[in-house]
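Q: With the sequence up front, the predicted model follows.
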Amino acid sequence: MIVKNITLLGHKDHGKSTLIGNLLIQTKSVTEARINDAKKTSKQFGRQFEPGYILDSFSEERENEMTIDTTRAEMVYRDLAFAFIDVPGHEELIKNMISGASYAEIALLIVSAKEGEGIRDQTKRHVFIARMLGIKKLIVAVNKMDLVGYDKERFFDIEKGLKEFIENVGFKDSKIYFVPISAYNADNLLKKSAKMKWYRGKPLIELLYENAKAEDKKAASAPLRITAQGFIDLEHQTIVGKVVSGKIAAGERVRIMPAGIMVRVKYITVKGKKAKSAMKNDDVALHIDKPVKGDIRGSVIGNARERQKMSNNLRSLIFVTQPFAKSSKIKFNGMDVACKRIKVLKGIDTTTGKAMKVKRVKPLEAIEARVELERKIPVENFDAQRELGRFVVYDNLNFVGIGIVL
Amino acid sequence: MIKQNLKELQEKSIYVIREAKIKFPKIAALWSMGKDSTAMLALARKAFLGKVPFPVIHIDNGIDFPETYKFREDLAKKWNLDLIVAKSKIKPEMSGFACCGANKTVELKQVMKEYGFDALIVSIRRDEHGIRAKERYFSPRNEAFKWNYKDQPAELWDDYSSKLDEKGHVRIHPLLDFNEIDIWNFTKKEKVPVNPLYFARDGYRYRSLGCTHCTKPLKSNVKNIDGIIKELEKTTIEERSGREQDKEKAYVMEKLRALGYM
C-alpha cells in the first residue's frame, strides 16, 4: 500500500495531537489497548478524555499536555495509507519539528479558532519551514470551531488572514484548502458536520485524499546522479550509495565528482542482487573497473559525458535555529564542508515572508546569504534537485540551521 | 495493520545500515533470534553483498527457549555470523522491569565496554510502542547508557548526524519504519529463516519473543507465515501483549529505555 506522509503544523495547544488521535480513533486505526491507555491517563490527571495521549507517550508530554518530540501514526483511507507526523508546536522545540516535518510530502496546518488563539507567529513560521523543506501541498484546518459556536465569520476571518501569506511564501502550485473542524468532536473530520452547513467544501479526510492523489508534476528525464556513501571493500572498487535522479546501466562510464575521476561500472547490485540497471531511489553498489584512491564519501556520480555543476559559493536561504558564527560548517550530502564565511545578504521575517535588515543572525528568523566554502562541491539548485541543493548548518557539532541553495 | 511498500522500506534500512557501518567502524548489532533482528541481519546481508559485516551480540540470560538456542546455532553457521554470546545471570527474585533493567542492560554495558563498541544496531520498530515511536534512526546514549529523550538531536533528510558523547555510543535503528506485518512480508519474500516459536503448537504461538519468564503465547492455530500475515491483518491486540514488562505500570518502557534498555 502506498503511504503518504503528512506532517502536522501549527502553534502549541491548537490541537495537532488531538486531531491525529481522534482521526486514528474514528477510523479504527488504533488498538483498544492504546485507546484505553489514553483514557486511563486522562482520568489519572483528572481530565476529560484526551485523544492526543495516543501519540504523546512520554510522561512529561502527558503531564504538561504538550508534544516534546515528533512521532508517526498510520491510518488507511480508501486505497491509501496516511502516516501522520506529529510535531511539537513550541518554539524551543523547533529542531524536533523540523526533524519530523522533513519526511512529509503534504502539510496539514492547524489554527485554533478559539477566542485569544487564532493566527500566531508560530502558525506562519511553520508554513515557512514547510516550504523550505520542499513540501508543496498544504491544507489548513481551522480547529476548535465548537468553542466559537461554529461561527462562519470567525472561519472566514482566519482564511482571509492566512491566504496571502501562504501564497507569498511560495505555495503556488496547488490549491490551498481551508476546512473548519472540531478535532475533539470530530466535526468535518470524516463526515460533513451538520453544525456547519454553511461550509460548502469536503470533510478533512476527503481533502487529504484528493491532495494525496493529485500527481506531482513529472520531472523531465533527469541526468544521472548517485550520492556516494562510501566504499565497502578494502580494494576501493565497490561504491555504495543512492540514485537520486536518472538511471544507470551496467557497462556505463561515469564521472566521480569533485575528484573528476572517470571509471566504468562493471556491474550493479541493488538490494543485494545483481541488476542490469538502477533507477531513482534505488540503493546501489557499483562495482567499478579500477580502484579509486582516497575517500569517496559525499561524492556525486554522474554520466561521464556530462559536466556536473561545481561551486564553493552558494546563494542560499537559511532558517536559523540557533545563533551561529560566520565560520560554521555545513553538512552537505553526508560530508562536512567548512565555511570560509557566511555573508548575510538580507534577513527574512518568517512570520511575514518580508525582507528585513539584520545585523545579527537570530533564531527563528531566516537569512538569504552567500555561503563561501573552503572547497568546491557538486551542487544543484534545491528546486532542480533537492538532494543536492540542501544542507544542514553546524556550529561546533550543534545543529544551528537548515539551508537550501537558491 | 498497514502493509507498507517493501521496496521503499528496504531502501531506507539499507541506507541506514550502510551509513552506520561506514561512520562507525566499531559497530555491533543486537540479535535476539526474534523476527525483527533476524530480518535486520538479512537486510545487512543485502547492504553488504551477502555478508553481515559486524559482530552480533546475544545477551543470553540462560532462560531463553530451547528452540531459540538451536535457531541461533544453525543460523550463525549458515550466515557465518561473528557471534558474541554475553551471559547474564537471572536473579530469581526479580521479574519484569527490575529483571530487564538489571540483567539485559547491565550485561550489555559490560560487553560494549569489553569490545569497545561505539555503535549498536537495535531492531526496534515505531509501531511496537508509543515510546519507541519517538526514536531517531541514530540515537545517542551517554556513558551511563542514558537516553536523553527530552533533547534528541535533529535528524533530517538523509543526514544522521547524531552528536556523539565521547564516552557514550549511538543506537542505530534501521527498522524504525517497518510495521510488524511488513517484517513478516519481508521474511516471506526473502525466505528469511524463522524461529519456530512463532508458529502454533497445541493451539498457541508466540507473537513477540522475550525470555521464558516474561513471555506468554497467544491463542492461535497458525502454522506458517501466510497464516501469521492473515492473522495480523485482522488483529486488534497489541503485539507485545504477551510481554510482562510492558504491562506493569505506566511509563515502564520510558524508564527502561532511558536507562539503556532496548
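A: Arrived safely, thanks for sending.

Q: ok but A:Lys4 is inside a strand, no?
A: Yes: counting by DSSP: H, G, I helix; E, B strand; the rest coil, A:Lys4 is part of a strand.

Q: For it, which non-adjacent residue is closest in space?
A: Ranked by Cβ to Cβ, 6 or more residues apart in numbering or on different chains and with sequence neighbours excluded, the top spatial neighbour of A:Lys4 is A:Ala212, at 4.3 Å. All C-beta atoms are positioned from the backbone trio N, CA, C, and that covers glycine.

Q: and what of A:Asn303?
A: Closest residue to A:Asn303 apart from its sequence neighbours, by Cβ to Cβ, 6+ apart: A:Leu224 at 4.9 Å.

Q: That neighbour contacts A:Ala249, doesn't it?
A: No: A:Leu224 lies out of contact with A:Ala249 (Cβ atoms under 8 Å); the separation is 9.8 Å.

Q: which of the two has more neighbours?
A: Taking neighbours as other Cβ atoms under 10 Å in any protein chain shown, A:Leu224 and A:Ala249 compare with A:Leu224 leading, 24 against 12.

Q: ok, that one to A:Val379 distance?
A: Distance of A:Leu224 to A:Val379, given as Cβ to Cβ, to the nearest Å: 16 Å.

Q: swap in A:Glu65?
A: With distances taken as Cβ to Cβ, A:Glu65 is found 43 Å from A:Val379.

Q: more neighbours, those two?
A: Taking other Cβ under 10 Å, A:Glu65 and A:Val379 do not tie; A:Val379 has more neighbours (24 against 16).

Q: Hmm, that one is touching A:Asn312, no?
A: No: using Cβ under 8 Å, A:Val379 is not in contact with A:Asn312, being 9.0 Å away.

Q: shaky segments in the chain?
A: I'll assume chain A. A:216-220 (pLDDT under 70).

Q: Oops, wrong one, chain B.
A: Counting by pLDDT under 70, the low-confidence segments of chain B come to B:89-103, B:162-165, B:211-214, B:244-251.

Q: Domain-wise, how is it divided?
A: Per automatic domain parsing, the structural domains of chain B span B:6-179+B:248-258, B:190-246.

Q: Let me know which of these is tucked in deepest.
A: domain B:6-179+B:248-258 (a mean of 19; mean count of other Cβ atoms under 10 Å in any protein chain shown).

Q: Would you mind measuring the gap between the ends of that domain?
A: One end of domain B:6-179+B:248-258 to the other measures 31 Å (Cα to Cα, to the nearest Å).

Q: doesn't A:Ala369 fall inside a strand?
A: Yes: with three-state DSSP as the criterion, A:Ala369 is part of a strand.

Q: And it, how close does it get to B:Ser161?
A: Distance, A:Ala369 to B:Ser161, by Cβ to Cβ: 21 Å.

Q: What of B:Lys191?
A: Distance of B:Lys191 to B:Ser161, given as Cβ to Cβ: 36 Å.

Q: re earlier: mind checking how far the host helix or strand of the residue nearest to A:Lys4 is from the chain centre?
A: Per DSSP states H and E: A:Ala212 is located in helix A:204-213. When C-alpha coordinates are averaged (Cα atoms, centre = their mean, to the nearest Å), helix A:204-213 and its chain have centres 18 Å apart.

Q: which helices and strands sit right next to that helix?
A: Applying 3 or more Cβ pairs under 8 Å, 6 or more residues apart in numbering or on different chains; DSSP states H and E, one finds that helix A:204-213 contacts strand A:3-9, strand A:71-77, strand A:80-86, strand A:106-112, strand A:137-143, strand A:177-180.

Q: Please repeat the previous calculation with a cut-off of 7 Å.
A: For helix A:204-213, the elements it packs on are strand A:80-86, strand A:137-143, strand A:177-180, judged by 3 or more Cβ pairs under 7 Å, 6 or more residues apart in numbering or on different chains; DSSP states H and E.

Q: Next secondary structure element downstream of the second one?
A: To tie it back to what came earlier, the one meant is strand A:137-143. The first helix or strand that comes after strand A:137-143 along the chain, using DSSP H and E, is helix A:152-169.

Q: Minimum distance to chain B, which residue of the stretch 301-406 of chain A gives it?
A: Nearest residue of the stretch 301-406 of chain A to chain B, counting by Cβ to the nearest Cβ: A:Phe399, 4.2 Å away.
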